[in-house]
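*Asks:* This is a predicted model, with the sequence first.
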Amino acid sequence: MRYSQMFGKTTKSAQADADSANAKFLTQGGFVDQEMAGVYTWLPLGLHVLRKVEQIVREEMNALGALEIFMPSLQPKEYWEKTKRWEGVDILFKLKSQTDKDYALGCTHEEVVTPLVQKFIQSYKELPLAVYQINTKFRDELRAKSGVLRGREFRMKDMYSFHTSQEDLEKFYHRALQAYVKVFSRCGMNVKVVQASGGIFTSNISHEFQAITPAGEDNLIACEVCSFGQNVEIATVKEGEACPECSGKLIKTKGIEVGNIFDLGTKYTDAFEFDVNNAEGKVQRVLMGCYGIGTSRLVGAIVETFHDDKGIIWPESVAPYKVHLVSLGNDEAVKQEAEKLYNELLSKGIEVLFDDRDASAGAKLADADLIGVPWRVVVSKKTLAEGSVELKERNKSEAEMVKLSEILNKI
Ligand code: ATP
Ligand code: MG
(Lines give C-alpha, C1' and ligand atoms only; values in the text may rest on other atoms or scores of the structure.)
(Ligands and ions follow the chains in the order given, each with its own letter.)
Protein backbone atom coordinates (compact mmCIF):
# COMPACT_ATOMS: atom_id res chain seq x y z
CA MET A 1 0.00 0.00 0.00
CA ARG A 2 1.29 3.42 -0.99
CA TYR A 3 0.85 5.76 1.94
CA SER A 4 0.22 8.62 -0.49
CA GLN A 5 -2.98 6.77 -1.50
CA MET A 6 -4.07 5.88 2.04
CA PHE A 7 -7.44 7.05 3.31
CA GLY A 8 -7.13 8.21 6.91
CA LYS A 9 -3.66 9.66 7.43
CA THR A 10 -1.82 10.51 10.63
CA THR A 11 -2.84 13.72 12.38
CA LYS A 12 -1.03 15.98 14.84
CA SER A 13 -3.87 16.07 17.33
CA ALA A 14 -5.71 13.21 18.99
CA GLN A 15 -9.50 13.16 19.53
CA ALA A 16 -10.44 15.87 22.04
CA ASP A 17 -11.40 13.45 24.82
CA ALA A 18 -8.44 11.08 24.38
CA ASP A 19 -8.09 9.63 27.87
CA SER A 20 -5.88 6.65 27.06
CA ALA A 21 -2.98 5.51 24.89
CA ASN A 22 -5.29 3.63 22.51
CA ALA A 23 -7.63 6.60 22.06
CA LYS A 24 -4.64 8.84 21.35
CA PHE A 25 -2.55 6.64 19.08
CA LEU A 26 -5.36 4.90 17.19
CA THR A 27 -6.88 8.26 16.21
CA GLN A 28 -3.58 10.07 15.60
CA GLY A 29 -2.24 7.13 13.64
CA GLY A 30 -5.28 7.07 11.35
CA PHE A 31 -6.52 3.67 12.51
CA VAL A 32 -9.96 4.79 13.71
CA ASP A 33 -12.10 7.90 13.65
CA GLN A 34 -14.41 8.84 16.49
CA GLU A 35 -17.94 9.49 15.23
CA MET A 36 -19.23 10.26 18.72
CA ALA A 37 -18.41 9.09 22.23
CA GLY A 38 -18.00 5.31 22.17
CA VAL A 39 -18.60 4.94 18.42
CA TYR A 40 -15.80 4.60 15.89
CA THR A 41 -15.20 4.14 12.19
CA TRP A 42 -12.46 1.61 11.50
CA LEU A 43 -10.32 3.21 8.81
CA PRO A 44 -8.31 1.03 6.37
CA LEU A 45 -5.25 0.82 8.63
CA GLY A 46 -7.30 -0.02 11.72
CA LEU A 47 -9.48 -2.47 9.82
CA HIS A 48 -6.35 -4.40 8.80
CA VAL A 49 -5.51 -4.88 12.48
CA LEU A 50 -9.07 -5.71 13.54
CA ARG A 51 -9.32 -8.28 10.73
CA LYS A 52 -6.05 -9.92 11.76
CA VAL A 53 -7.21 -10.20 15.35
CA GLU A 54 -10.58 -11.56 14.25
CA GLN A 55 -8.91 -14.06 11.91
CA ILE A 56 -6.83 -15.42 14.80
CA VAL A 57 -10.02 -15.75 16.84
CA ARG A 58 -11.80 -17.42 13.91
CA GLU A 59 -9.00 -19.96 13.36
CA GLU A 60 -8.98 -20.99 17.01
CA MET A 61 -12.78 -21.29 17.18
CA ASN A 62 -12.75 -23.37 13.98
CA ALA A 63 -10.05 -25.58 15.54
CA LEU A 64 -12.49 -26.27 18.38
CA GLY A 65 -14.95 -27.56 15.81
CA ALA A 66 -17.29 -24.58 16.24
CA LEU A 67 -19.22 -23.40 13.17
CA GLU A 68 -19.36 -19.76 12.11
CA ILE A 69 -22.76 -18.13 11.59
CA PHE A 70 -23.91 -14.52 11.42
CA MET A 71 -26.96 -13.49 13.45
CA PRO A 72 -29.16 -10.39 13.24
CA SER A 73 -28.58 -7.42 15.50
CA LEU A 74 -32.26 -6.45 15.18
CA GLN A 75 -34.07 -8.70 17.64
CA PRO A 76 -37.78 -8.99 18.50
CA LYS A 77 -38.97 -7.88 21.92
CA GLU A 78 -40.81 -11.20 22.40
CA TYR A 79 -37.54 -13.16 22.70
CA TRP A 80 -36.23 -10.73 25.31
CA GLU A 81 -39.48 -11.00 27.25
CA LYS A 82 -39.19 -14.80 27.23
CA THR A 83 -35.85 -14.56 29.04
CA LYS A 84 -37.16 -11.72 31.25
CA ARG A 85 -34.39 -9.42 30.06
CA TRP A 86 -36.45 -6.80 28.19
CA GLU A 87 -36.72 -4.97 31.49
CA GLY A 88 -33.74 -4.99 33.78
CA VAL A 89 -30.80 -5.07 31.37
CA ASP A 90 -29.94 -1.38 31.59
CA ILE A 91 -27.48 -1.40 28.69
CA LEU A 92 -30.04 -2.80 26.21
CA PHE A 93 -30.78 -0.39 23.36
CA LYS A 94 -34.47 -0.53 22.39
CA LEU A 95 -36.11 0.80 19.26
CA LYS A 96 -39.60 1.23 17.92
CA SER A 97 -40.65 0.75 14.30
CA GLN A 98 -43.08 3.05 12.50
CA THR A 99 -45.79 0.47 13.18
CA ASP A 100 -45.03 0.63 16.90
CA LYS A 101 -43.23 -2.70 17.10
CA ASP A 102 -40.43 -2.97 19.67
CA TYR A 103 -36.98 -4.29 18.92
CA ALA A 104 -33.79 -4.80 20.86
CA LEU A 105 -30.45 -3.96 19.31
CA GLY A 106 -28.25 -6.96 20.11
CA CYS A 107 -25.97 -6.48 23.11
CA THR A 108 -25.52 -10.26 23.18
CA HIS A 109 -27.22 -13.11 21.29
CA GLU A 110 -28.60 -15.77 23.66
CA GLU A 111 -32.10 -14.58 22.72
CA VAL A 112 -31.40 -15.29 19.04
CA VAL A 113 -29.16 -18.35 19.16
CA THR A 114 -31.27 -20.41 21.59
CA PRO A 115 -34.47 -20.48 19.48
CA LEU A 116 -32.32 -20.77 16.35
CA VAL A 117 -30.56 -23.94 17.48
CA GLN A 118 -33.82 -25.24 18.96
CA LYS A 119 -35.38 -24.98 15.50
CA PHE A 120 -32.77 -27.30 13.96
CA ILE A 121 -31.79 -29.75 16.73
CA GLN A 122 -34.17 -32.44 17.98
CA SER A 123 -31.95 -35.32 19.07
CA TYR A 124 -29.08 -35.87 21.51
CA LYS A 125 -27.27 -37.40 18.53
CA GLU A 126 -26.87 -33.93 17.03
CA LEU A 127 -25.15 -32.60 20.17
CA PRO A 128 -22.75 -31.25 21.26
CA LEU A 129 -22.87 -28.30 18.93
CA ALA A 130 -21.01 -24.99 19.06
CA VAL A 131 -21.78 -22.03 16.83
CA TYR A 132 -20.13 -18.63 16.87
CA GLN A 133 -20.19 -15.29 15.12
CA ILE A 134 -18.03 -12.19 14.89
CA ASN A 135 -20.45 -9.30 14.89
CA THR A 136 -21.15 -5.76 16.05
CA LYS A 137 -22.72 -5.37 19.48
CA PHE A 138 -24.64 -2.40 20.84
CA ARG A 139 -24.66 -1.44 24.51
CA ASP A 140 -26.05 1.66 26.10
CA GLU A 141 -23.00 2.17 28.32
CA LEU A 142 -23.52 5.00 30.80
CA ARG A 143 -19.98 6.17 30.21
CA ALA A 144 -18.16 5.26 27.02
CA LYS A 145 -14.46 5.74 27.61
CA SER A 146 -10.89 4.70 26.98
CA GLY A 147 -11.07 4.78 23.20
CA VAL A 148 -12.16 1.43 21.79
CA LEU A 149 -12.00 -0.27 25.22
CA ARG A 150 -15.54 0.71 26.21
CA GLY A 151 -17.73 1.59 23.28
CA ARG A 152 -21.47 1.78 22.69
CA GLU A 153 -21.01 -0.03 19.40
CA PHE A 154 -18.18 -2.54 19.30
CA ARG A 155 -17.04 -5.87 17.89
CA MET A 156 -17.38 -9.18 19.65
CA LYS A 157 -16.87 -12.84 18.90
CA ASP A 158 -19.58 -14.75 20.71
CA MET A 159 -19.81 -18.53 20.73
CA TYR A 160 -22.59 -20.69 22.16
CA SER A 161 -22.33 -24.40 22.92
CA PHE A 162 -25.15 -26.91 23.50
CA HIS A 163 -24.87 -30.16 25.46
CA THR A 164 -26.87 -33.00 26.95
CA SER A 165 -24.73 -33.46 30.07
CA GLN A 166 -22.83 -31.29 32.53
CA GLU A 167 -19.79 -33.47 31.96
CA ASP A 168 -19.87 -32.82 28.23
CA LEU A 169 -20.37 -29.08 28.77
CA GLU A 170 -17.40 -28.92 31.14
CA LYS A 171 -15.22 -30.83 28.69
CA PHE A 172 -16.00 -28.31 25.95
CA TYR A 173 -15.73 -25.36 28.36
CA HIS A 174 -12.22 -26.44 29.26
CA ARG A 175 -11.21 -26.79 25.61
CA ALA A 176 -12.66 -23.34 24.89
CA LEU A 177 -10.67 -21.92 27.80
CA GLN A 178 -7.49 -23.36 26.31
CA ALA A 179 -8.42 -21.97 22.87
CA TYR A 180 -8.82 -18.52 24.46
CA VAL A 181 -5.35 -18.75 26.01
CA LYS A 182 -4.03 -19.56 22.54
CA VAL A 183 -5.87 -16.64 20.89
CA PHE A 184 -4.43 -14.11 23.32
CA SER A 185 -0.93 -15.50 23.17
CA ARG A 186 -1.03 -15.45 19.36
CA CYS A 187 -1.91 -11.75 19.69
CA GLY A 188 1.26 -11.31 21.78
CA MET A 189 -0.69 -10.66 24.97
CA ASN A 190 -0.04 -11.59 28.58
CA VAL A 191 -3.52 -12.60 29.70
CA LYS A 192 -4.56 -13.98 33.08
CA VAL A 193 -7.36 -16.50 33.46
CA VAL A 194 -9.49 -15.20 36.30
CA GLN A 195 -12.33 -17.08 37.96
CA ALA A 196 -15.37 -14.86 38.05
CA SER A 197 -18.95 -14.88 39.20
CA GLY A 198 -21.43 -14.90 36.38
CA GLY A 199 -22.69 -11.30 36.46
CA ILE A 200 -25.97 -10.70 34.64
CA PHE A 201 -25.76 -14.10 32.99
CA THR A 202 -25.66 -16.81 35.61
CA SER A 203 -24.28 -17.81 38.99
CA ASN A 204 -22.56 -20.89 37.51
CA ILE A 205 -18.87 -21.15 36.75
CA SER A 206 -17.32 -18.37 34.68
CA HIS A 207 -13.84 -17.17 33.74
CA GLU A 208 -12.62 -13.77 32.68
CA PHE A 209 -9.54 -13.24 30.56
CA GLN A 210 -7.68 -10.20 31.81
CA ALA A 211 -4.97 -8.45 29.80
CA ILE A 212 -2.44 -7.15 32.31
CA THR A 213 -1.79 -3.41 31.89
CA PRO A 214 -1.87 -0.38 34.21
CA ALA A 215 -4.60 0.99 31.93
CA GLY A 216 -6.99 -1.75 33.09
CA GLU A 217 -10.23 -1.06 35.00
CA ASP A 218 -10.24 -4.28 37.00
CA ASN A 219 -8.08 -4.85 40.10
CA LEU A 220 -6.45 -8.24 40.26
CA ILE A 221 -4.15 -10.41 42.30
CA ALA A 222 -2.17 -12.27 39.66
CA CYS A 223 0.82 -14.55 39.36
CA GLU A 224 3.99 -13.01 37.94
CA VAL A 225 4.82 -16.31 36.27
CA CYS A 226 1.76 -18.30 35.13
CA SER A 227 -1.74 -17.33 33.95
CA PHE A 228 -3.34 -17.52 37.42
CA GLY A 229 -5.31 -14.50 38.57
CA GLN A 230 -8.21 -13.51 40.82
CA ASN A 231 -10.42 -10.46 40.96
CA VAL A 232 -9.61 -8.49 44.13
CA GLU A 233 -13.32 -8.38 44.99
CA ILE A 234 -13.60 -12.15 45.35
CA ALA A 235 -9.97 -13.10 45.90
CA THR A 236 -9.07 -16.01 48.17
CA VAL A 237 -5.35 -15.28 47.83
CA LYS A 238 -3.27 -12.29 48.92
CA GLU A 239 -0.56 -10.17 47.33
CA GLY A 240 2.91 -11.48 48.25
CA GLU A 241 1.73 -15.07 48.73
CA ALA A 242 2.86 -17.96 46.57
CA CYS A 243 0.73 -18.77 43.52
CA PRO A 244 -1.48 -21.81 44.24
CA GLU A 245 -0.80 -23.13 40.74
CA CYS A 246 2.96 -22.63 40.21
CA SER A 247 4.20 -21.09 43.50
CA GLY A 248 5.33 -17.95 41.63
CA LYS A 249 4.88 -14.58 43.37
CA LEU A 250 1.39 -13.05 43.52
CA ILE A 251 1.22 -9.32 42.83
CA LYS A 252 -1.47 -6.67 42.76
CA THR A 253 -2.12 -5.49 39.22
CA LYS A 254 -4.72 -4.17 36.79
CA GLY A 255 -6.39 -5.86 33.87
CA ILE A 256 -8.61 -5.22 30.88
CA GLU A 257 -11.33 -7.85 30.44
CA VAL A 258 -10.79 -9.05 26.88
CA GLY A 259 -12.82 -12.23 27.15
CA ASN A 260 -15.40 -13.93 29.34
CA ILE A 261 -16.79 -17.47 29.28
CA PHE A 262 -19.82 -18.85 31.12
CA ASP A 263 -21.50 -22.10 31.99
CA LEU A 264 -25.09 -20.94 31.44
CA GLY A 265 -26.70 -24.13 32.68
CA THR A 266 -30.35 -24.22 31.57
CA LYS A 267 -31.05 -20.50 32.05
CA TYR A 268 -31.88 -19.85 28.38
CA THR A 269 -32.99 -23.34 27.39
CA ASP A 270 -35.52 -23.16 30.25
CA ALA A 271 -36.80 -19.84 28.93
CA PHE A 272 -37.33 -21.29 25.44
CA GLU A 273 -38.14 -24.82 26.68
CA PHE A 274 -35.41 -26.28 24.50
CA ASP A 275 -35.43 -30.07 24.92
CA VAL A 276 -34.01 -32.92 22.85
CA ASN A 277 -34.74 -36.64 22.81
CA ASN A 278 -32.15 -38.56 24.79
CA ALA A 279 -30.79 -42.09 24.37
CA GLU A 280 -33.57 -43.47 26.59
CA GLY A 281 -36.19 -42.02 24.30
CA LYS A 282 -37.20 -39.35 26.82
CA VAL A 283 -37.06 -35.59 26.45
CA GLN A 284 -34.29 -33.76 28.21
CA ARG A 285 -33.44 -30.08 28.74
CA VAL A 286 -30.36 -28.85 26.88
CA LEU A 287 -27.38 -27.27 28.69
CA MET A 288 -25.59 -24.23 27.33
CA GLY A 289 -22.26 -22.40 27.54
CA CYS A 290 -21.33 -19.02 26.10
CA TYR A 291 -17.94 -17.60 25.25
CA GLY A 292 -17.16 -13.97 24.34
CA ILE A 293 -14.10 -12.08 23.15
CA GLY A 294 -14.25 -8.33 22.65
CA THR A 295 -12.25 -8.16 19.42
CA SER A 296 -12.26 -4.36 19.10
CA ARG A 297 -11.45 -4.02 22.82
CA LEU A 298 -8.62 -6.49 22.26
CA VAL A 299 -7.12 -4.18 19.61
CA GLY A 300 -7.27 -1.36 22.18
CA ALA A 301 -5.74 -3.58 24.88
CA ILE A 302 -2.89 -4.47 22.52
CA VAL A 303 -2.15 -0.75 22.06
CA GLU A 304 -2.30 -0.16 25.83
CA THR A 305 0.24 -2.96 26.24
CA PHE A 306 2.54 -2.18 23.32
CA HIS A 307 3.37 1.51 22.89
CA ASP A 308 5.97 4.10 23.85
CA ASP A 309 5.79 7.91 23.88
CA LYS A 310 6.11 8.00 20.07
CA GLY A 311 3.38 5.59 19.15
CA ILE A 312 2.27 1.99 18.79
CA ILE A 313 4.58 -1.06 18.71
CA TRP A 314 2.43 -3.75 17.05
CA PRO A 315 3.20 -7.42 17.64
CA GLU A 316 3.93 -8.86 14.20
CA SER A 317 0.94 -11.23 14.25
CA VAL A 318 -1.57 -8.35 14.30
CA ALA A 319 0.43 -5.51 12.70
CA PRO A 320 -1.36 -3.77 9.83
CA TYR A 321 1.74 -4.32 7.66
CA LYS A 322 4.98 -6.18 8.19
CA VAL A 323 7.29 -3.58 6.64
CA HIS A 324 7.15 0.21 6.62
CA LEU A 325 9.25 1.26 3.64
CA VAL A 326 10.36 4.90 3.71
CA SER A 327 12.14 6.79 0.97
CA LEU A 328 13.88 9.99 2.08
CA GLY A 329 14.60 13.04 -0.08
CA ASN A 330 13.86 13.89 -3.67
CA ASP A 331 16.78 12.10 -5.30
CA GLU A 332 15.67 10.18 -8.43
CA ALA A 333 17.96 7.23 -7.77
CA VAL A 334 16.54 6.91 -4.24
CA LYS A 335 12.98 7.02 -5.54
CA GLN A 336 13.74 4.37 -8.15
CA GLU A 337 15.47 2.07 -5.69
CA ALA A 338 12.59 2.40 -3.20
CA GLU A 339 10.05 1.61 -5.96
CA LYS A 340 12.06 -1.45 -6.94
CA LEU A 341 12.29 -2.67 -3.36
CA TYR A 342 8.56 -2.06 -2.84
CA ASN A 343 7.72 -4.26 -5.81
CA GLU A 344 10.17 -6.96 -4.77
CA LEU A 345 8.71 -7.12 -1.26
CA LEU A 346 5.19 -7.29 -2.68
CA SER A 347 6.16 -10.06 -5.08
CA LYS A 348 7.43 -12.06 -2.09
CA GLY A 349 3.98 -11.71 -0.54
CA ILE A 350 5.20 -9.34 2.17
CA GLU A 351 2.73 -6.72 3.39
CA VAL A 352 4.34 -3.32 2.89
CA LEU A 353 3.29 0.19 3.75
CA PHE A 354 5.35 2.37 1.39
CA ASP A 355 5.70 5.99 2.44
CA ASP A 356 6.19 7.46 -1.04
CA ARG A 357 5.03 10.98 -0.09
CA ASP A 358 6.96 14.18 -0.67
CA ALA A 359 7.38 14.88 3.01
CA SER A 360 10.28 15.72 5.30
CA ALA A 361 12.44 12.96 6.76
CA GLY A 362 11.36 14.05 10.25
CA ALA A 363 7.67 13.77 9.43
CA LYS A 364 8.03 10.39 7.73
CA LEU A 365 10.06 8.84 10.55
CA ALA A 366 7.71 10.23 13.21
CA ASP A 367 4.75 8.75 11.33
CA ALA A 368 6.50 5.38 11.10
CA ASP A 369 6.96 5.38 14.89
CA LEU A 370 3.35 6.45 15.44
CA ILE A 371 1.88 3.78 13.12
CA GLY A 372 4.14 1.16 14.68
CA VAL A 373 4.79 -1.37 11.89
CA PRO A 374 7.39 -3.94 13.13
CA TRP A 375 10.10 -3.46 10.47
CA ARG A 376 11.15 -0.02 9.16
CA VAL A 377 13.26 0.09 6.00
CA VAL A 378 14.72 3.48 5.03
CA VAL A 379 16.16 4.20 1.60
CA SER A 380 18.14 7.44 1.28
CA LYS A 381 21.05 8.92 -0.62
CA LYS A 382 23.25 8.10 2.35
CA THR A 383 22.23 4.42 2.53
CA LEU A 384 22.50 3.96 -1.23
CA ALA A 385 26.04 5.34 -1.18
CA GLU A 386 26.85 2.13 0.73
CA GLY A 387 24.66 0.00 -1.55
CA SER A 388 22.42 -0.47 1.48
CA VAL A 389 19.17 0.37 3.23
CA GLU A 390 18.69 1.09 6.90
CA LEU A 391 16.70 -1.55 8.80
CA LYS A 392 15.17 -0.89 12.19
CA GLU A 393 12.76 -2.88 14.33
CA ARG A 394 10.08 -0.75 15.99
CA ASN A 395 10.80 -2.26 19.39
CA LYS A 396 14.58 -1.74 19.22
CA SER A 397 16.52 1.50 19.49
CA GLU A 398 19.36 0.61 17.11
CA ALA A 399 19.16 0.52 13.33
CA GLU A 400 21.48 -1.46 11.10
CA MET A 401 22.70 -1.05 7.55
CA VAL A 402 21.79 -3.97 5.34
CA LYS A 403 23.05 -4.50 1.78
CA LEU A 404 20.32 -4.18 -0.83
CA SER A 405 21.11 -7.70 -1.99
CA GLU A 406 20.46 -9.09 1.50
CA ILE A 407 17.42 -7.16 2.67
CA LEU A 408 14.85 -9.67 1.40
CA ASN A 409 16.55 -12.48 3.35
CA LYS A 410 16.73 -10.32 6.47
CA ILE A 411 12.99 -9.69 6.77
P1 ATP B 1 -17.49 -5.00 31.14
O2 ATP B 1 -17.46 -5.66 32.50
O3 ATP B 1 -16.15 -4.50 30.71
O4 ATP B 1 -18.58 -4.00 31.00
P5 ATP B 1 -18.99 -7.25 30.28
O6 ATP B 1 -18.54 -8.24 31.32
O7 ATP B 1 -20.30 -6.60 30.45
O8 ATP B 1 -17.84 -6.15 30.09
P9 ATP B 1 -19.41 -9.39 28.39
O10 ATP B 1 -20.88 -9.40 28.36
O11 ATP B 1 -18.69 -10.41 29.19
O12 ATP B 1 -18.91 -7.93 28.83
O13 ATP B 1 -18.91 -9.36 26.87
C14 ATP B 1 -17.85 -10.15 26.35
C15 ATP B 1 -16.65 -9.29 26.00
O16 ATP B 1 -17.02 -8.19 25.16
C17 ATP B 1 -15.99 -8.65 27.20
O18 ATP B 1 -15.13 -9.54 27.85
C19 ATP B 1 -15.27 -7.48 26.56
O20 ATP B 1 -14.02 -7.91 26.04
C21 ATP B 1 -16.17 -7.08 25.42
N22 ATP B 1 -16.96 -5.88 25.76
C23 ATP B 1 -17.99 -5.81 26.63
N24 ATP B 1 -18.49 -4.57 26.69
C25 ATP B 1 -17.76 -3.83 25.82
C26 ATP B 1 -17.80 -2.46 25.42
N27 ATP B 1 -18.71 -1.61 25.91
N28 ATP B 1 -16.91 -2.03 24.48
C29 ATP B 1 -16.00 -2.89 23.96
N30 ATP B 1 -15.92 -4.19 24.31
C31 ATP B 1 -16.78 -4.66 25.23
MG1 MG C 1 -17.77 -9.98 31.10
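*Replies:* All right, it came through fine. Numbers count the residues shown, from 1 in each chain. Ligands and ions are numbered 1, 2, ... in the order given.

*Asks:* count of residues packed around whichever residue of the stretch 1-150 of the chain sits closest to ligand 1?
*Replies:* Closest contact between the stretch 1-150 of the chain and ligand 1, by CB to the nearest ligand atom, is at Arg150 (4.5 Å). C-beta: built from backbone N, CA, C; applies to glycine. Neighbourhood size, Arg150 [other CB atoms under 10 Å]: 21.

*Asks:* Who does it form a beta bridge with?
*Replies:* Lys145 (DSSP bridges).

*Asks:* and it, what pLDDT?
*Replies:* Among the per-residue scores, Arg150 holds a pLDDT of 98.

*Asks:* ok, it - contacts?
*Replies:* Arg150 makes contact with Gly38, Glu141, Arg143, Ala144, Arg297 under the criterion CB atoms under 8 Å, 6 or more residues apart in numbering.

*Asks:* and if you look at Glu68?
*Replies:* When contacts are counted by CB under 8 Å, 6+ apart, Glu68 touches Arg58, Met61, Asn62, Val131, Tyr132, Gln133, Ile134.

*Asks:* Can I get the buried part of those residues as one ChimeraX selection?
*Replies:* Listed next is the ChimeraX selection for buried residues among the contacts of Glu68, using 16 or more other CB atoms under 10 Å:
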select :58,61,131,132,133,134
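
*Asks:* Keep the contacts of Glu68, but drop any that are not near ligand 1.
*Replies:* Subset of the contacts of Glu68 in contact with ligand 1: empty, counting by CB under 6 Å from any ligand atom.

*Asks:* Grab the nearest non-local neighbour of Tyr79.
*Replies:* Glu111 (4.0 Å; CB to CB, 6 or more residues apart in numbering).

*Asks:* since we're on the one you found, how many residues are nearby?
*Replies:* Glu111: 26 neighbours (other CB under 10 Å).

*Asks:* Please apply the same query to Val303.
*Replies:* Count around Val303 with other CB under 10 Å applied: 29.

*Asks:* shouldn't it be in contact with Thr27?
*Replies:* No: with contact defined as CB atoms under 8 Å, Val303 and Thr27 do not form a contacting pair (10.9 Å).

*Asks:* what do those two both touch?
*Replies:* Common neighbours of Val303 and Thr27 (CB under 8 Å, 6+ apart) are Gly147.

*Asks:* So the residue nearest to Tyr79 sits against Trp86, correct?
*Replies:* No: Glu111 lies out of contact with Trp86 (CB under 8 Å); the separation is 9.4 Å.

*Asks:* Now for the two: what residues contact both?
*Replies:* Contact with both Glu111 and Trp86 is made by residues Trp80, Ala104, according to CB under 8 Å, 6+ apart.

*Asks:* what residues are up against the closest residue to His163 other than its chain neighbours?
*Replies:* Nearest residue to His163, sequence neighbours excluded (CB to CB, 6+ apart): Leu169, at 4.1 Å. By CB under 8 Å, 6+ apart, Leu169 lies in contact with Pro128, Ser161, His163, Asp263, Leu287, Met288, Gly289.

*Asks:* coming back round to it: check contacts around the residue nearest to Tyr79.
*Replies:* Gln75, Tyr79, Trp80, Lys82, Thr83, Arg85, Ala104, Tyr268.

*Asks:* Mind listing what's buried along whichever strand or helix holds it?
*Replies:* Assigned by DSSP states H and E, Glu111 falls within helix 110-120. Residues of helix 110-120 classed as buried by neighbour count (16+ other CB under 10 Å): Glu110, Glu111, Val112, Val113, Thr114, Pro115, Leu116, Val117, Gln118.

*Asks:* Perfect, that will be all.
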